[in-house]
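A.B. asks: My questions are about this predicted structure, shown below with the sequence.
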Amino acid sequence: MAKNTATVALVGTLDTKGAEYQWMAQQLESEGVNVVVVDAGIREPHGFAATIDFDQASVAEAAGTTISDLQSGNDRGVAVTAMGEGAARILGSLLGEGRLDGVLALGGSGGSAIAARAARDLPVGLPKLIVSTMASGDVSPYVGASDVTLMYSVVDISGINQISRAVLGNAAAAIAGMAKASARREPAYDDKPLVAASMFGVTTPAVDAARERLEELGYEVLVFHATGSGGKALEALAKSGMLAGVLDLTTTELADDLVGGVLTAGPDRLTAAGAAGIPQVVSLGALDMVNFGPVATVPAEFADRLFFVHNATVTLMRTTADENAELGRRIGAKLAGRPNTVLIIPRGGVSALDAEGMPFWNPEADAALFAAVTDAAGSIRIIDDPSNINDGTLARRAADELHALIGGTA
């Protein structure tokens, strides 16, 4: 049942931003939401006169330490990490008690890091807003694979002035509105099991066909664009326990991780589903390419390689036989010994560009990939298909195989 009143948690370092948090608490209350204050600072609060629901000692205790130990230490990084962990556990408890509809935080690099850790494990869809001095640069350390919203503070968060009053006022209004909408939202009772699928432009036909088949079979399919952040999000969702299965047809991010492309999802890509025992059907989609930005940004060491200019901002580089062999070994090692796993090898090419007559068609490089992954994958079930990965029959077969794994009939 929807709630009548929304609750927003203010998470911050009241020892350095107390006056700003005091002002924000007043703004939120004027917007008609309840406020829960979580003090993640190390020293005594300064400039904050309102009620502190969870003081610094409570946050430290939630992290498994004491505030005195953190205060006596000389490592600020350790303290920031601990207070982030403690705040995360408190927010998790509030959520479990039905007392959390949104999270708001303000800060520089340290405060943003605490807030990001505190919000990271909260479910997708729960509003999370961080006003940060760091929000105009690389925000991946703060957002990660979550749906955190970042707002640039423009000026430093140091007092309430003409600029900060406008920015922070907007932030208060934004999180209040989001939290109210979240509180009013009726819980979704759609019992369709969730399947995650990985897709790239050059594997879109395959994933579209497989998605349609899975939807016919009664699943809701969540498609993740294999751009690095997409792969990280897929892995995070697999860890969450929300998925019935994973259709990982597009493992291209591993090529960027190996060779140094710009769309890597890190070395842990293609591990979460297997570790969790989630049924997965895996293929080798778009392992024929490594991604770079505009042509001028491609590292000089690759000057003699084969390229395809996808558009003005994306340049694709064909992987070599040696690179494909190493990719095959890595993928096979990730899948070996995993239950509920099927690997599909598309002998007719791994992308739309890796088809006969297309720019990246290279049977020798593909053969190295296929041989290495087969050798390394051990005893898992392998389907050797003569088609290109984008063949509709292959895609629908992949969907049917995943359905059989999920249903225990494979």
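C.D. replies: Nice, I can see it. Numbering: from 1, shown residues only.

A.B. asks: so where's the chain shaky on pLDDT?
C.D. replies: For the chain, applying pLDDT under 70 flags the ranges 1-2, 187-190.

A.B. asks: All the strands of it, in order from the start?
C.D. replies: For the chain, strands defined by DSSP state E occupy the ranges 7-12, 34-39, 102-107, 128-132, 149-152, 194-199, 220-225, 243-248, 280-282, 289-292, 307-311, 314-318, 341-346, 381-385.

A.B. asks: Is it possible to get CSV of these that adds distance to residue 373 and mean neighbour count?
C.D. replies: C-beta: built from backbone N, CA, C; applies to glycine. Output for the strands of the chain, formatted as CSV (distance: least, C-beta to C-beta, whole Å; neighbours: other C-beta atoms under 10 Å):
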stretch, distance to residue 373, mean neighbour count
strand 7-12, 45, 28
strand 34-39, 47, 22
strand 102-107, 42, 28
strand 128-132, 39, 27
strand 149-152, 39, 17
strand 194-199, 16, 24
strand 220-225, 21, 18
strand 243-248, 13, 26
strand 280-282, 9, 28
strand 289-292, 17, 26
strand 307-311, 24, 14
strand 314-318, 18, 22
strand 341-346, 7, 24
strand 381-385, 8, 15
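
A.B. asks: Which residue ranges make up each domain of the chain?
C.D. replies: The record's domain split for the chain, according to automatic domain parsing, is 7-184, 194-407.

A.B. asks: Tell me which stretches of the stretch 51-200 of the chain form helices.
C.D. replies: Counting by DSSP state H, counting those that start in this stretch, one finds helices in the stretch 51-200 of the chain at the ranges 56-62, 67-72, 76-96, 109-120, 140-143, 162-184.

A.B. asks: Distance from the first one to the middle of the chain?
C.D. replies: Averaged C-alpha coordinates place helix 56-62 at 28 Å from its chain's average position (C-alpha atoms, centre = their mean, to the nearest Å).

A.B. asks: Could you do the fourth one as well?
C.D. replies: Remark: helix 109-120 is offset 16 Å from the chain centroid, using C-alpha atoms, centre = their mean.

A.B. asks: got the angle between that helix and helix 76-96?
C.D. replies: Computed by axes from the mean of the first three to the mean of the last three C-alpha atoms, to 10 degrees, the angle separating helix 109-120 from helix 76-96 equals 30 degrees.

A.B. asks: Quick check: buried residues in helix 109-120?
C.D. replies: Buried residues in helix 109-120, counted by 16 or more other C-beta atoms under 10 Å: 110-120.

A.B. asks: Check the longest one too.
C.D. replies: By 16+ other C-beta under 10 Å, the buried positions in helix 162-184 come out as 164, 167-169, 171-172, 174-176, 178-180, 182-183.

A.B. asks: wait, which of the residues you listed is closest to residue 14?
C.D. replies: Taking C-beta to C-beta as the measure, residue 14 lies nearest residue 168 of the buried residues of helix 162-184, at 15.3 Å.

A.B. asks: and residue 387, what does it touch?
C.D. replies: Contact analysis of residue 387 by C-beta atoms under 8 Å, 6 or more residues apart in numbering lists 346-348, 393-394.

A.B. asks: Report the two of the residues you listed separated the most.
C.D. replies: 347 and 393 (13.3 Å).

A.B. asks: Name the residue in the two with the higher neighbour count.
C.D. replies: When residue 347 and residue 393 are compared for neighbours, residue 347 comes out ahead with 16 against 10, by other C-beta atoms under 10 Å.

A.B. asks: gap between the closest residue in space to the more buried one that isn't next to it in sequence and residue 394?
C.D. replies: Of all residues not flanking residue 347 in the chain, residue 386 sits nearest, at 4.9 Å (C-beta to C-beta, 6 or more residues apart in numbering). As defined by C-beta to C-beta, to the nearest Å, residue 386 lies at a distance of 9 Å from residue 394.
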